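**Q** what follows is a predicted protein model with its sequence.
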Amino acid sequence: MRGQVAVLVAAVALLAPAPAAAHLRTSRVAVDYRAAVSPLAPDLASALSVRLYRADLAVRLAVHSGHRLVVLGYAGEPFLRLEHGEVLVNAASPTAAGAGLTQSGAGWHVLARSPSLTWHDARIRGLPSGVDRGTWSLPLVVDGQHARLRGTIDRVSAPSRVGWLVLGVVFAALTAVLLAWRPRRALRTACIVLGAVSAIAALVTAAGFSAASTASEGVWVESANEAVFVLVGSIFLFRGSRDSRAMAGGFLGLVALAAGLTRAPVLTHGIVLAALPGQLVRPAVVVAIGAGAAAAILGVVVFFDVLEHYEDPELKRVARS
């Protein structure tokens with residue numbers, strides 16, 4: 001029994017967030033804007049390709065072989081040049097300095113030996129308050145001819161939070177009733193069931209975000225860690241005494257609660273950055289938080305109840321003899 005508790009306590013200690021998370025390219029799980037590129041004219045489509053990243057509205061331009069592309073800056077100055085498999089930046093361009101692509105100086109400098117470049121452009125950004133739709137454009141010079149990339153940006157509102165609040169109240173009420181009543185068997189059963197439910201919800205969200213096209217290596221590592229924690233907790237959830245199973249449920253609830261809280265922004269933003277639909281991810285996050293918190297709280301109660309009623313087997317044997 002003590003060995004099982006020690007393993008669970010050690011696993012809880014590993015839940016502390018690692019500082020490496022601060023170095024991820026993006027930690028967003030949801031955003032408010034959807035950006036799109038208007039259809040390209042045939043001559044433009046034959047010379048280049050463009051992509052907008054939904055996570056941060058970054059733009060990626062790639063020039064096709066045999067073509068020359070110049071991106072004009074905010075003041076109309078030559079900003080970037082893509083040709084011969086290279087990307088060059090104009091060191092004298094204020095736009096380049098503002099985008100962090102160059103320091104100071106003059107002339108063109110090789111920025112990347114690649115036919116493409118991804119950067120954040122202030123002309124493709126979020127909308128002012130009260131505006132739900134806007135347009136953007138990037139001026140170009142393609143093979144000596146002036147052209148312009150155009151597109152739209154739409155604000156996507158988050159769905160109503162009433163349903164999530166109701167679901168949260170249900171878990172809170174269940175927890176309050178069990179804490180007030182404190183039936184020993186029901187407490188342990190609730191820990192086991194709530195722990196299992198919250199763990200499943202956490203795994204659903206982990207799978208959805210790790211399989212997303214926007215997922216970084218950090219997201220994959222985070223999801224893998226959660227899967228390992230759930231696996232460890234599940235081993236104890238289905239083995240051992242009822243007390244150890246209940247505490248395993250509390251541990252799984254803590255794992256799910258931590259995972260759910262990191263993904264709580266999906267409830268306040270309109271677009272979920274997951275491979276699964278938002279209609280599935282959002283309820284899963286709410287269940288991970290609600291059921292996870294309930295299981296964790298009840299698990300603590302069970303833990304102290306076990307300590308209070310614990311009897312050393314050796315002392316018990318001596319007392320009987």
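**A** Noted; the coordinates are in hand.

**Q** now the strands for the stretch 101-250 of the chain?
**A** Taking DSSP state E, counting those that start in this stretch as the criterion, the stretch 101-250 of the chain carries its strands at 108-112, 116-119, 133-142, 145-155.

**Q** buried residues in the shortest one, which are they?
**A** Buried residues in strand 116-119, defined by neighbour count with 16 or more other C-beta atoms under 10 Å: 116-117, 119. C-betas here are computed from N, CA, C, even on glycine.

**Q** low-confidence stretches in the chain?
**A** Scanning the chain with the threshold set as pLDDT under 70 gives 1-27, 309-321.

**Q** got the domain ranges for it?
**A** Domain ranges of the chain: 2-28+157-320, 33-155, per automatic domain parsing.

**Q** pick the most buried one from those domains.
**A** Most buried of the domains of the chain, by mean neighbour count (mean count of other C-beta atoms under 10 Å): domain 2-28+157-320, with a mean of 18.

**Q** chain center to that one, what's the gap?
**A** Relative to the centre of its chain, domain 2-28+157-320 is centred 17 Å away, using C-alpha atoms, centre = their mean, to the nearest Å.

**Q** which parts of the protein are helices?
**A** For the chain, the helices identified by DSSP state H occupy 2-13, 42-45, 94-98, 162-181, 184-210, 217-237, 242-262, 278-309, 313-320, in order along the chain.

**Q** and these as JSON lines, adding distance to residue 144?
**A** Output for the helices of the chain, formatted as JSON lines (distance: least, C-beta to C-beta, whole Å):
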{"stretch": "helix 2-13", "distance to residue 144": "63"}
{"stretch": "helix 42-45", "distance to residue 144": "12"}
{"stretch": "helix 94-98", "distance to residue 144": "21"}
{"stretch": "helix 162-181", "distance to residue 144": "55"}
{"stretch": "helix 184-210", "distance to residue 144": "45"}
{"stretch": "helix 217-237", "distance to residue 144": "41"}
{"stretch": "helix 242-262", "distance to residue 144": "50"}
{"stretch": "helix 278-309", "distance to residue 144": "45"}
{"stretch": "helix 313-320", "distance to residue 144": "88"}
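
**Q** any idea how far residue 255 is from residue 279?
**A** When C-beta to C-beta, to the nearest Å is the yardstick, residue 279 and residue 255 sit 24 Å from each other.

**Q** residue 278 too?
**A** Using C-beta to C-beta, we find residue 278 at a distance of 23 Å from residue 255.

**Q** and the nearest residue to residue 300 once chain neighbours are set aside, what does it touch?
**A** Residue nearest to residue 300 in three dimensions, not counting chain neighbours: residue 250, with 6.5 Å by C-beta to C-beta, 6 or more residues apart in numbering. Taking C-beta atoms under 8 Å, 6 or more residues apart in numbering as the definition of contact, the neighbours of residue 250 are 191, 195, 295-296, 298-300, 302-303.

**Q** do the same with residue 35
**A** Contact analysis of residue 35 by C-beta under 8 Å, 6+ apart lists 52, 54, 57, 124, 136, 151-154.

**Q** picking that back up, can you tell me which of the contacts of residue 250 lies nearest to residue 180?
**A** Top of the list for closeness to residue 180, among the contacts of residue 250 and by C-beta to C-beta, is residue 298 at 12.2 Å.

**Q** would you check how far apart the closest one and residue 191 are?
**A** For residue 298, the distance to residue 191 (C-beta to C-beta) stands at 5 Å.

**Q** which neighbours do these two share?
**A** When C-beta under 8 Å, 6+ apart defines a contact, the residues bordering residue 298 and residue 191 alike are 246, 249-250, 253.

**Q** from residue 97, how far out is residue 83?
**A** Remark: distance between residue 83 and residue 97 (C-beta to C-beta) = 22 Å.

**Q** now residue 152
**A** Using C-beta to C-beta, we find residue 152 at a distance of 28 Å from residue 97.

**Q** please apply the same query to residue 29.
**A** Distance, residue 29 to residue 97, by C-beta to C-beta: 32 Å.

**Q** now do residue 272
**A** When distance is defined by C-beta to C-beta, residue 272 is 35 Å away from residue 97.
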